[in-house]
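> Sequence and computational prediction follow.
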Amino acid sequence: MKSQQIRQEFLDFFESKKHNIVPSSPMVLKNDPTLMFTNAGMVPFKEYFLGQKNAIDKRVADTQKCLRVSGKHNDLEEVGKDTYHHTMFEMLGNWSFGDYFKKEAIAWAWELLVDVLKVDKDCLYVTVFEGAEEDALDYDQEAYDLWKQYISEDRIINGNKKDNFWEMGAQGPCGPCSEIHVDIRSAEEKAKVSGKSLVNMDHPQVVEIWNLVFMEFNRKADGSLEKLPAQHVDTGMGFERLCMVLQNKQSNYDTDVFTPLIREVEAITNNDYGKNEETDIAIRVISDHVRAVAFAIADGQLPSNTGAGYVIRRILRRAIRYGFTFLNVKEPFIYKLVATLTKQMGEYFPELKSQNQLVTNVIKEEELSFLRALDQGLVLLDGVIKNTKGSEVSGKKAFELYDTYGFPIDLTALILSEKGMTLNETEFKIELEKQKNRSRAAAVVETDDWVVLYEDDDEEFIGYDTLEANIKITRYRKVSSIKDGDLYQLVFNMTPFYAEGGGQVGDKGYLEVNNGNVIYIVDTKKENNLIIHFAKSLPKDPTQIFKVVVDGKQRHRTACNHTATHLLHQALREILGTHVEQKGSSVHSKSLRFDFSHFTKLTTDELRDVEDYVNARISSKIPLEEFRNIPMETAIEKGAMALFGEKYGDTVRAIQFGSSVELCGGIHVQNTSDIWHFKITSESAIAAGIRRIEAITNDATKEFYFESNRVYSEIKELLKNPANPQKAIVDLQDENTVLKKQLEALLKDKAKNLKGDLIHEVENINGINFLAKKIDLDQNSIKDLAFDLGNQLDNLFLLVGSESDGKAFLTCYIAKNLVEEKKLDAGKVVRELGKLIHGGGGGQPYFATAGGRNPEGIEKALEESKRYIA
Ligand code: ATP
Ligand code: MG
């Protein structure tokens, strides 16, 4: 059965069991401070389990794009080395939100695998939770009794808390689970070693394929468990592993999920898969990583130097490195695989199709720049090797290469071993550990339990209509981190505060306590669908009713920038073309930033057109039309662009200004005329095919024009108010060029005359032509002079002192034959004598210079120089 069909069989089966089939949520999470990527099928449904939102459907099934490369689930180092862990994989799942529980979950899992998909039941094992004393949890007898109706009891295995008690994190929903494992070894091997003894032992052919989680508890900050109000089922089955089983393969990479990619890598790089373990690992790494990177970019996450973008960059670089080292490819090639991937998966995941061009370009550009960095790194490493005495290279130096230049440590080790050298790995690890500790200490956040004051299942957002309200605090908790100190997170029964999201910053403002005192709300963010207000302190009696007020001025400026962003988006599509798509946006009170797909730099005329387009809409005083809580389809009928990245079940809000219609939850002005004026402040490239525009509106533009005008006036004044200031500056520049040339000629003349005088001052000491003298020339002329003299006189030892701008310089020239015969070294001379002028320097044995802060020391240095030839 082909993989496409296997996915469909799974979804059809659960549809027949009355599940609503929903599309995968994005793999990249934009508004979740606790997680960068979806790492399990349950992530999009977290808020249902936490009881913070009511599920629309009680039964749901899907395939979810997951990425396990950071945080709690990190399989990165396994990937490629083993045959069944991936970075990006699909997790098939069925869900019950307070509906069915263990009985149906187990029955249906069995029915699907054995009756529908015809997996041989003699290769299956299941595990049940054995209980845990420290949590006062009993053996999961219920699961055991259910399983034994289907599978012989000697195939039911007890599992410990590590494998069979699933927890979302240190805190939050959790519960016992039952895993289904397959043993796909040959009959011969099965006869030798029983499969039962290999379950959960990291055997590549005895692997877990499906995990059924029965969520019934909540883990509190103090570690204790409380029963959840409703019981849920959360299951996850590895799609690629299921394909391996159903296609009778022994490795995920031998299924049709991967073979087209592997064939392509073979063809492009001229390597064969299956011949040599090292090459095989590299091919697996590349075929795996291209998926993770392509899906991430299609989801809107570009490689970058921080956060999620950095994780993606590292994955791609790992693939490039494996290609570079083991497949011997020194040119970009991974981008070429995108076409194959899109052909294969674009049908079910249309974002791959629509973003194909962008994904390809971004990967290619990243490859080019990393390969360039590798080249540079190789040169730097050469330098390190040359300066190493003995055969061991310092771990500190290797860490520097790794940390500052991104040069991979395994490549360093490999190159050293090829040269018969070693790396001090202990030293390297110590440096790495130090760096990790630094960032870990900064990132530690301690979160207390919520203190619930009032039960409230719906925290209403009323901030579209008002900036003030009388509220009750429904719950609060303290969070402490080194970065921000102690903060209180407050949740209200309703709130006018906008939580950071959709690119727009969170509102600031205050909460009134008694007699005019206030507690400032410093930021507002969303976590698992709760709007959280950050405050430095807590009211004495938090159970009262408080008036809360949003900072209106900042809010208005932010709204101007947000509406301007929509108009800018529209302008770009109108002027540059409909290939322009939003790739990122950041709306603050001071400015706005908009990233979009486009392939060339915008010309001055285009920028002008864009500004004019937006400003024309501001002048036309277009009123806001807002549509709240409408189904996605209705919004699309109005002309809104369908976005990937919306989650199943979301109703949307559409914002319309004339013919600009966007899905948006942000804050906008009532009328475009509120914006007053729009001004682009910069345009640049941030990645291949992605441009960035930064712009300002309203007060900020007034400030901008005022400031530009002030600088302009001052410049004019400095130029003595010429009629044509541009011409005045060009004239000055021209004059400057002419003067520079004249000065150079004069200095050359001066040096020539000096040389004639100097030749007479040279002393012959022990057969060496010696001269030490202070000269009033610039460094370049002194250098010319030194070499000129050296050409004219044999056996020259020359030390010149000079002074300019209160700084002191020493220049030393020694004839090459003296360097060899007398072991003289100009570098050493200037280093030692450099101390007298409070500075240092260096160079080659026959020519070196030093600079320092102490001109007074020049005379002494000249005197001392004689001792080198005495
Ligand atoms: P394993 O012990 O094999 O790493 P797990 O305990 O981490 O698995 P779960 O978190 O229970 O797995 O995830 C549910 C299912 O997702 C697993 O049964 C497996 O089939 C699949 N799965 C988990 N991690 C990966 C991965 N890195 N690549 C591919 N499939 C995976
Ligand atoms: Mg795992």
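That came in fine, so what should we check first? Ligands and ions are numbered 1, 2, ... in the order given.
> From one end of stretch 298-308 to the other, what's the distance?
14 Å (C-alpha to C-alpha, to the nearest Å).
> from the middle of its chain, how far away would it be?
5 Å (C-alpha atoms, centre = their mean, to the nearest Å).
> Name whatever forms a beta bridge with the residue of the chain found nearest ligand 1.
The chain approaches ligand 1 most closely through Gly238 (2.5 Å), counting by C-beta to the nearest ligand atom. Backbone N, C-alpha and C define where each C-beta goes, glycine included. Beta bridges link Gly238 to Met91 when assigned by DSSP bridges.
> Could you pull up the residues touching it?
Counting by C-beta atoms under 8 Å, 6 or more residues apart in numbering, Gly238 touches 84, 89-92, 208-210.
> Please spell out the PyMOL selection for the buried subset of those.
In PyMOL, a selection of the buried entries from the contacts of Gly238 looks like this (16 or more other C-beta atoms under 10 Å):
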select buried, resi 84+89+90+91+92+208+209+210
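> Export the contacts of Gly238 to a markdown table and append columns for distance to ligand 1 and pLDDT.
Below are the contacts of Gly238 laid out as a markdown table (distance: C-beta to the nearest ligand atom, whole Å; pLDDT from 0 to 100):
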| residue | distance to ligand 1 | pLDDT |
| --- | --- | --- |
| Tyr84 | 6 | 97 |
| Phe89 | 4 | 98 |
| Glu90 | 8 | 98 |
| Met91 | 5 | 98 |
| Leu92 | 9 | 98 |
| Glu208 | 4 | 96 |
| Ile209 | 5 | 97 |
| Trp210 | 5 | 98 |
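> can you list the residues of the stretch 101-250 of the chain near ligand 1?
Selection of the stretch 101-250 of the chain residues close to ligand 1 by C-beta under 6 Å from any ligand atom yields 207-211, 236-238, 240-241.
> In helices, which of the residues you listed fall?
Among these, the members falling in helices (DSSP state H) are 240-241.
> Most widely separated two among the residues of the stretch 101-250 of the chain next to ligand 1?
Asn211 and Glu240 (14.9 Å; C-beta to C-beta).
> For the stretch 501-650 of the chain, which segments are assigned as helices?
Using DSSP state H, counting those that start in this stretch, the helices of the stretch 501-650 of the chain run over residues 552-575, 604-619, 632-638.
> doesn't Asp465 make contact with Glu626?
No - checked against C-beta atoms under 8 Å, the pair Glu626 and Asp465 is beyond contact range at 10.1 Å.
> More neighbours: those two, which one.
Higher neighbour count among Glu626 and Asp465: Glu626, with 13 against 8, using other C-beta atoms under 10 Å.
> Any chance you could give me stretch 785-802 in PDB, C-alpha atoms only?
Only the C-alpha atoms of stretch 785-802 are listed here, as PDB (Å, rounded to 0.1, in the frame of the first residue of the first chain):
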ATOM      1  CA  LEU A 785      61.700  55.300   2.200                       C
ATOM      2  CA  ALA A 786      62.900  52.200   4.200                       C
ATOM      3  CA  PHE A 787      62.600  49.900   1.100                       C
ATOM      4  CA  ASP A 788      64.300  52.500  -1.100                       C
ATOM      5  CA  LEU A 789      67.200  52.800   1.300                       C
ATOM      6  CA  GLY A 790      67.400  49.000   1.600                       C
ATOM      7  CA  ASN A 791      67.700  48.800  -2.200                       C
ATOM      8  CA  GLN A 792      70.500  51.200  -2.300                       C
ATOM      9  CA  LEU A 793      72.500  50.100   0.700                       C
ATOM     10  CA  ASP A 794      73.500  46.500   1.500                       C
ATOM     11  CA  ASN A 795      73.400  45.200   5.100                       C
ATOM     12  CA  LEU A 796      71.000  47.900   6.300                       C
ATOM     13  CA  PHE A 797      69.600  48.000   9.800                       C
ATOM     14  CA  LEU A 798      67.100  50.900  10.000                       C
ATOM     15  CA  LEU A 799      64.900  52.100  12.800                       C
ATOM     16  CA  VAL A 800      62.700  55.100  12.200                       C
ATOM     17  CA  GLY A 801      60.700  56.800  14.900                       C
ATOM     18  CA  SER A 802      57.800  59.200  14.000                       C
END
